[in-house]
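Peer 1: any chance you could fold what I've pasted below:
(2 chains)
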Amino acid sequence: MSPDIVSQIIHHLFSIQTMVALVVGVVGGILVGSLPGLSATMAIALLIPITFGMDPVAGLTMLTAIYTAAMYGGSISAILIHTPGTPASAATSLDGYQMTLKGQGAKAIGISTISSMIGGMLSALALLFLAPPLSKVSLMFSAPEYFLIAIFGLTIIGSLASKSMIKGLTAGVIGLLIGAIGVDILTGYPRFTFGFPALETGVSLVPAMIGLFSLSQVMIQAENRGKNQGKKKALNIEGKVLPTWAEFKGIFATIIRSSGIGTFVGMLPGAGADIGSWVSYNEAKRFSKHKEKFGKGHIEGVAAPEAANNAVSGGALIPLLTLGIPGSAATAVLLGGLMIQGLIPGRELFTTHADITYSVIFGFIIANILMGIIGLLGAKYFVKVSVVSDAILAPIIITLCVVGSYAINNNVFDIWVMIIFGFIGYFIRKTGFHPAPIILGMVLGPIAERGFRQSVLMAKGDLLGFYFSRPITVVLMILVLIALFSPMIMNWWVKKGAGNFEESKSDGDVADNPAK
Amino acid sequence: MINRIHQDVVIGFIFILVSILLYMKTFDFMGEAAIYPRALIVFMIVFASLIIYSGLKKTKQLKEGHEVKYEGEEGPLTPSLLKSPFITLLIVGVYAGLLSVIGFFPATILFVIAFLWFMGVKKWKVYVLTSLGLNLFIYLLFVVQLNVHLPLGILFE
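Peer 2: Numbers count the residues shown, from 1 in each chain, chains lettered A, B, ... in the order given. Presented below is the predicted three-dimensional model:
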């Protein structure tokens, strides 16, 4: 990094707009994360339209801040009301809620906050040091590599929907087909536009994402309308938030190990924060001197999953920024946010747009620190939000869906796109599909098609020979095969941890739906 | 009886039907532009057939009196379950239609009131605070801060 860039980064980061975006992103992320049912992915999708009008650094910093803060926010409701705010916090609820029952709720929040902050920061540093050299790989890319990178991104579909590989792949193909709507880039012929001029440039990504993730979520929550859900009640937080020095020393090794695991899992395509937190919980238990205390309110059992799920956020940004491979649903939506700002992942992010990229990475580090400070000071207030009823949240979310879809292009047509995708999202989610592969298909489909058709021209007839003559394409083809089989290994790794959750279920009342 | 057939079978057939309609649409496309969508549609039909196959296996299980497990968000779709989500969608549709006619803010106030009533909220304070607070928030953020021209409606333009 040259001194020139450093001064530009300082200039970008310490502008009022970026600072406000950071605070709003962190507070908003914690709030959304602590609401059971609302995930980080949904928060990002819903807030992308706001960042559209901002300067790229402020907008992207806000999105990454939301991402990491929502991850942490999920732990507040997991610890205090035994309902994980996001699936990534399911492991935290095991020991976190037990601590609350023992009157140590405040300490559990404190440990979760500190672990999340350290996990997030370490992964942000990994991003800072690993991403620039890795991005050099993308310099060697040409049409065939872009085609295979897109295919590689699509194979994580299988792992995103590991419950049924076929349904995952089907959702991916649906996304690819939707991505094919619009004028064909090589022949100029409009495909599947059904006479709507608005569809000639393709289906707008942001309204589609908002519909698939946010409107469908409201529809799912509407199923419980009128049912007496038994009012969720937050226990009062008692005691000191900060752990003692001796306690901190006791969990330090766990935090560092879990941060490492989280960052690594985050980098793997298809493995998200939920997997990272379960794996870390297991490993913490395996390494611990007090195995018997796990599940009964042990501080290591809170520190491990929380450090890991925030570390995943930084790890997942590495393949996203360098190669354009989103490793999870949340990063697939973030990729949409990047593209809207006109930034294409790859080497250019670290050369031509270095000032923006490095500013966002440093902004991400600051977001993690800010999250720690705001979390330690405000946990008491955030938990009050997590018990707000769905009846009030639903119209607020819908209005934000509508205004956000409109604001992207100032176009009422996009509101209808959002509603149609809400309908599709609801049905596919209720029938065992995942909406993330659809988004991935929409984003990666055009890249894959262009790469393939250009490589056919480059191959001059011998397509297979052409592909096997390029070392990187061979490596990529092997990676695609590995990605296809990795879900099975991941499932096995998680199942080891899920056993712990099952055991604890018999110990008392349990989160409604940890697999949300 | 319809509920004796696992829903995967129905979904698979819907996918195949849509695929066939889309494939027919590709006949109008110019040469090369059609290849990629056609390839995708073929994949779609293969996957949908596999979904039907697994759905038939699950149907057999159901007929033999075994329970079929649903995981995560998946669940059997019944008319009583679908009622509320569908009314939700209908209200959102009316809201979207209304905002181009009477303008964004009046439509939003009507929508929030209608939706809170639909969700069974009784306290009048919630109605006032939610509809006014939300409109104020959107006005400050989108109109003042982000300069978005929200629809005024054909009546006021």
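Peer 1: okay, B:Leu155: pLDDT?
Peer 2: According to the prediction, B:Leu155 has pLDDT 67.
Peer 1: closest point of the stretch 201-350 of chain A to chain B, which residue?
Peer 2: Closest contact between the stretch 201-350 of chain A and chain B, by C-beta to the nearest C-beta, is at A:Met219 (4.0 Å). C-beta coordinates here come from the backbone N, C-alpha and C atoms, glycine included.
Peer 1: spatially central residue in the chain, please.
Peer 2: Just going to use chain A. Geometric centre of chain A, nearest residue: A:Ala330, 2.6 Å, by C-alpha atoms, centre = their mean.
Peer 1: hmm, I had chain B in mind actually
Peer 2: Note: chain B centre (C-alpha atoms, centre = their mean) maps to B:Leu89, 6.9 Å.
Peer 1: burial measure for the closest residue to that residue other than its chain neighbours, as a count.
Peer 2: Excluding the flanking residues, the one nearest B:Leu89 by C-beta to C-beta, 6 or more residues apart in numbering or on different chains is A:Phe423, at 6.1 Å. Applying other C-beta atoms under 10 Å in any protein chain shown, we find 20 residues neighbouring A:Phe423.
Peer 1: list the buried residues of the helix or strand hosting A:Phe423.
Peer 2: Following DSSP states H and E, one finds A:Phe423 within helix A:412-430. Buried positions in helix A:412-430, judged by neighbour count with 16 or more other C-beta atoms under 10 Å in any protein chain shown: A:412-430.
Peer 1: next, the angle from the helix or strand following it to helix A:412-430.
Peer 2: With elements assigned by DSSP H and E, the helix or strand that comes after helix A:412-430 is helix A:436-459. Helix A:436-459 runs at 110 degrees relative to helix A:412-430, counting by axes from the mean of the first three to the mean of the last three C-alpha atoms, to 10 degrees.
Peer 1: return the distance of stretch A:25-34 from the chain's centre.
Peer 2: Its chain's C-alpha centre and that of stretch A:25-34 lie 14 Å apart, by C-alpha atoms, centre = their mean, to the nearest Å.
Peer 1: does stretch B:18-36 reach chain A?
Peer 2: Yes. Under the criterion of C-beta under 8 Å from any C-beta of the partner chain, chain A is reached by stretch B:18-36 at B:Leu22, B:Lys25, B:Thr26, B:Phe29, B:Met30, B:Gly31, B:Glu32, B:Ala33, B:Tyr36.
Peer 1: need the contact list for residue 113.
Peer 2: All of this is about chain A. A:Tyr72, A:Val241, A:Met371, A:Gly372, A:Gly375, A:Leu376, A:Ala379 (C-beta atoms under 8 Å, 6 or more residues apart in numbering or on different chains).
Peer 1: think we crossed wires, I meant chain B
Peer 2: B:Tyr127, B:Ser131.
Peer 1: follow-up on the earlier one: isn't the residue nearest to B:Leu89 right up against B:Leu90?
Peer 2: No. Between A:Phe423 and B:Leu90 there is no contact under C-beta atoms under 8 Å: 10.8 Å.
Peer 1: between the two, which contacts overlap?
Peer 2: Counting by C-beta under 8 Å, 6+ apart, nothing touches both A:Phe423 and B:Leu90.
Peer 1: before we move on, back to that, what is the helix holding A:Phe423 packed up against?
Peer 2: The contact analysis (3 or more C-beta pairs under 8 Å, 6 or more residues apart in numbering or on different chains; DSSP states H and E) places helix A:412-430 against helix A:205-209, helix A:216-222, helix A:390-409, helix B:79-102.
Peer 1: so how many other residues sit close to the closest residue to B:Pro85 other than its chain neighbours?
Peer 2: Nearest in space to B:Pro85, with sequence neighbours left out and distances taken as C-beta to C-beta, 6+ apart, is A:Met219 at 4.0 Å. Residues near A:Met219, counting by other C-beta under 10 Å, number 26.
Peer 1: who's in contact with A:Met219?
Peer 2: A:Gly422, A:Tyr426, B:Pro85, B:Thr88, B:Leu89.
Peer 1: could you check how far the fourth one is from A:Thr201?
Peer 2: Distance, B:Thr88 to A:Thr201, by C-beta to C-beta, to the nearest Å: 30 Å.
Peer 1: three-state assignment of the nearest residue to B:Gly120 once chain neighbours are set aside?
Peer 2: Spatially, and ignoring its direct neighbours in sequence, B:Gly120 is nearest to A:Gly226 (5.5 Å; C-beta to C-beta, 6+ apart). The three-state label given to A:Gly226 by DSSP: H, G, I helix; E, B strand; the rest coil is coil.
Peer 1: flag every buried residue along stretch A:44-63.
Peer 2: Neighbour-count burial for stretch A:44-63 flags A:44-52, A:54-63 (criterion: 16+ other C-beta under 10 Å).
Peer 1: okay, now the unreliable bits of chain A?
Peer 2: A:1, A:156-163, A:227-238, A:269-271, A:327, A:386, A:486-488, A:490-491, A:494-516 (pLDDT under 70).
Peer 1: tally of neighbours for the residue nearest to B:His149 when sequence neighbours are not counted?
Peer 2: Counting by C-beta to C-beta, 6+ apart, the nearest residue to B:His149 once its immediate chain neighbours are dropped is A:Asn410, at 5.9 Å. A:Asn410: 11 surrounding residues under other C-beta under 10 Å.
Peer 1: got the phi and psi for A:Asn410?
Peer 2: Backbone geometry at A:Asn410, expressed as degrees, to the nearest 10, gives phi 50, psi 50.
Peer 1: what would the contacts of A:Met219 look like in JSON lines with distance to B:Phe111?
Peer 2: Converted to JSON lines, the contacts of A:Met219 look like this (distance: C-beta to C-beta, whole Å):
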{"residue": "A:Gly422", "distance to B:Phe111": "15"}
{"residue": "A:Tyr426", "distance to B:Phe111": "19"}
{"residue": "B:Pro85", "distance to B:Phe111": "17"}
{"residue": "B:Thr88", "distance to B:Phe111": "11"}
{"residue": "B:Leu89", "distance to B:Phe111": "13"}
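Peer 1: and which of these is nearest to A:Leu268?
Peer 2: Closest to A:Leu268 out of those is A:Tyr426 (29.7 Å), distances taken as C-beta to C-beta.
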